[in-house]
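1. any chance you could fold what I've pasted below:
(one chain, ligands or ions: 1)
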Amino acid sequence: MQTTTAPAATEAAEGPAKYGVFRLAYDVANEDPALTRNWKKTVHIAVTGASGQISNHLLFMLASGEVFGRDQPVALQLLGSQRSREALEGVAMELEDSLYPLLREVSIGIDPREIFKGADYALMVGAQPRGPGMERADLLDLNGRIFKDQGQALNDVASPDVKVLVVGNPCNTNALIAMENAPRIPRKNFHALTRLDENRAKCQLALKSGKFYTNVNRVAIWGNHSTTQVPDFVNARIGGRPAIDVIGDMKWFRNEFTPTVAQRGGALIKKWGRSSAASTAVSVADAIRALVTPTAPGDCFSSGVITDGNPYGIPDGLIFSMPCRSTGDGNYEICDDFIIDDWLRSKINASVDELVKEKECVGHLIGTPNPVCRITKDDEDTWLPGEN
Ligand SMILES: NC(=O)c1ccc[n+]([C@@H]2O[C@H](COP(=O)([O-])OP(=O)(O)OC[C@H]3O[C@@H](n4cnc5c(N)ncnc54)[C@H](O)[C@@H]3O)[C@@H](O)[C@H]2O)c1
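-> Next up, the predicted model:
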């Protein structure tokens, strides 16, 4: 049986106006059946911060088919800020010139209510950078306002089952704000990106053990995407054996592994003066692929997800990175068989405390009665080096 995208005229009614060459009417049924025979219905992907550094890699991965599959046509709905309007058009022109067969539609704009229309996925990369001397509490508020507005827009116009992945920092709390402002969308559908941290942790385990990273699995990141993150070596495996046994150096695990993972972005920026946009984009692709392909038995992927009803005693109501698995249908469940030893528990508790404080500071954006912010300028700066 042949499955094709609906003709353009039908889809245009649901989404934002299309850009350039993508305005042309097409009917996939008239195209080379060798290429299009098994194509699925077009998936609509909204990307914010679309003219930024991360998106400059990510959009081309999405359009090429390497994220959603070679049988999956995509529509890209690109949101920028007022300042990046022109740049957005440049991005759309580059996408036009790339002639990706699977890229069926591109639309650009600066109004989330327009751009999020009918989105099946929302990849929220855009955020304001931290200005000179800006306190954490100020940045939480500045970006929180953006995510409140964008959460409400998702609620109003996106697909009711839209899957949302927040990349823009502080990503856990931004995801929480978007979620709390989108009551129509299942809370489970909101993710904060911690896959880059997982990938960095796997790389360090590979380097230390001398085994290539394809042998490393079951690596969870717990907590916040900040320096309080907890890369989990207790449950990690290398070549099917516990990483602790393979490496046999508990001092390294406890004193070096976590800071090396957390400071990787800073180390990289020192070498070539740019932030890690390409590997972040790769990790976004990995995070989406983890939802649309089944997780291998015994393995997991890390994602910042809602803690409601989690099996590890982490308080409800936080977006907290935990080990997850998926059957490949876009949904996930939290793995329930990870061992939490005393060391892990104390580190997880510290990340919980930080996220509770962040949540208090954005209480005015999520409807908390009489919110009080306890983050002060004297608190330790837990922002990850190398991320703006
Ligand atoms: N979670 C992670 O693992 C991770 C890793 C790296 C970077 N980040 C974060 O990702 C974000 C983007 O990084 P980048 O390097 O692409 O930054 P960038 O500055 O190159 O791009 C950000 C883009 O967002 C746009 N933008 C700002 N406000 C917007 C809004 N309200 N709506 C839509 N677009 C808006 C800006 O115009 C800019 O083009 C930053 O917040 C960064 O800290 C997260």
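2. wait, does stretch 223-234 contact the ligand?
-> Yes. Stretch 223-234 reaches the ligand (Cβ under 6 Å from any ligand atom) through residue 225. In short, each C-beta sits where N, CA and C put it, glycine included.
3. look at the residue of the chain found nearest the ligand and say how many residues are nearby.
-> Across the chain, the shortest distance to the ligand (Cβ to the nearest ligand atom) belongs to residue 52, at 2.1 Å. Residues lying near residue 52 (other Cβ atoms under 10 Å) number 23.
4. now residue 385
-> Using other Cβ under 10 Å, residue 385 has 16 other residues around it.
5. for it, what are its contacts?
-> Contacts of residue 385 were listed using Cβ atoms under 8 Å, 6 or more residues apart in numbering, and they are 262, 263, 265, 266, 269.
6. got a list of what the closest residue to residue 129 other than its chain neighbours touches?
-> Among residues not flanking residue 129 along the chain, residue 388 sits closest, at 3.9 Å (Cβ to Cβ, 6 or more residues apart in numbering). By Cβ under 8 Å, 6+ apart, the contact set of residue 388 is 129, 130, 169, 275.
7. which two among those residues are spaced furthest apart?
-> Using Cβ to Cβ, the contacts of residue 388 span at most 12.5 Å, a distance reached by 130 and 275.
8. and the lengthiest helix in the chain, what does it pack onto?
-> Across the chain, the longest stretch assigned as helix under DSSP state H is helix 136-157. If you count contacts as 3 or more Cβ pairs under 8 Å, 6 or more residues apart in numbering; DSSP states H and E, helix 136-157 packs onto helix 112-115, strand 121-124, helix 171-180, helix 342-361, helix 363-366.
9. neighbouring contacts of the first one?
-> I take that to be helix 112-115. Helix 112-115 is contacted from outside by 16, 46, 48, 77-79, 107-109, 149-150, 153-154, 156-157, using Cβ under 8 Å, 6+ apart.
10. over to the fourth one?
-> Residues outside helix 342-361 that contact it (Cβ under 8 Å, 6+ apart): 137, 140-141, 170, 172-173, 176, 222-224, 226, 228-230, 232, 234, 254, 258, 312, 314-315, 317-320, 340, 366, 368, 371-375, 382.
11. of these, grab the buried ones for PyMOL.
-> Of the contacts of helix 342-361, the buried ones go into a single PyMOL selection, burial set by 16 or more other Cβ atoms under 10 Å:
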select buried, resi 137+140+170+172+173+176+222+223+224+226+228+229+230+232+234+258+312+314+317+318+319+320+340+366+373+375+382
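12. close to the ligand: what parts of the stretch 101-250 of the chain are there?
-> 125-129, 146, 167-169, 171, 193, 196, 225.
13. give the next helix or strand downstream of the worst-scoring helix or strand of the chain on mean pLDDT.
-> Of all helical and strand segments in the chain, the minimum by mean pLDDT, DSSP states H and E falls on helix 8-12, at a mean of 39. Under the assignment DSSP states H and E, the closest C-terminal helix or strand after helix 8-12 is helix 33-36.
14. what about that next one, average pLDDT?
-> Average pLDDT, helix 33-36: 92.
15. point out the other helices and strands that it packs with.
-> Using 3+ Cβ pairs under 8 Å, 6+ apart, no helix or strand is in contact with helix 33-36.
16. so residue 40 touches residue 65, yeah?
-> No. Using Cβ atoms under 8 Å, residue 40 is not in contact with residue 65, being 11.3 Å away.
17. if I look at these two, which residues touch both of them?
-> Common neighbours of residue 40 and residue 65 (criterion: Cβ under 8 Å, 6+ apart): 71, 72.
18. which one of those two has more residues nearby?
-> residue 65 (17 against 13).
19. re earlier: which of the contacts of helix 342-361 fall within helices?
-> Judged by DSSP H, the subset of the contacts of helix 342-361 located in helices is 137, 140, 141, 172, 173, 176, 258, 366.
20. so who does the second one touch?
-> If a contact means Cβ under 8 Å, 6+ apart, then residue 140 has 170, 173, 358, 361, 362, 375 as its contacts.
21. can we see that at 10 Å?
-> In this structure, residue 140 makes contact with 169-170, 173-174, 177, 357-362, 365, 373, 375, judged by Cβ atoms under 10 Å, 6 or more residues apart in numbering.
22. same check on the first one?
-> For residue 137, the contacting residues are 357, 358, 361, 362, 373, 374, 375, 376, 377, 379, taking Cβ under 10 Å, 6+ apart as the criterion.
23. out of those, which two sit at the greatest distance?
-> Between any two of these, the greatest separation by Cβ to Cβ is 17.3 Å, found for 362 and 377.
24. buried subset of the contacts of residue 140 as a PyMOL selection?
-> The buried residues among the contacts of residue 140 can be selected in PyMOL (16+ other Cβ under 10 Å) with this line:
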select buried, resi 169+170+173+174+177+357+358+359+361+362+365+373+375
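25. need the contacts of residue 140 in a markdown table (columns: pLDDT).
-> Shown next, in a markdown table, are the contacts of residue 140 (pLDDT from 0 to 100):
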| residue | pLDDT |
| --- | --- |
| 169 | 95 |
| 170 | 96 |
| 173 | 98 |
| 174 | 98 |
| 177 | 98 |
| 357 | 96 |
| 358 | 97 |
| 359 | 98 |
| 360 | 97 |
| 361 | 96 |
| 362 | 97 |
| 365 | 98 |
| 373 | 94 |
| 375 | 93 |
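26. is residue 48 in a bridge, and if so with what?
-> With DSSP bridges as the criterion, residue 48 is bridged to residue 79, residue 124.
27. and the pLDDT at it?
-> 98.
28. now, of the contacts of helix 112-115, which are buried?
-> 16, 46, 48, 77-79, 107-109, 149-150, 153-154, 157.
29. touching, residue 266 and residue 384? I think so.
-> Yes. With contact defined as Cβ atoms under 10 Å, residue 266 reaches residue 384; the gap is 7.6 Å.
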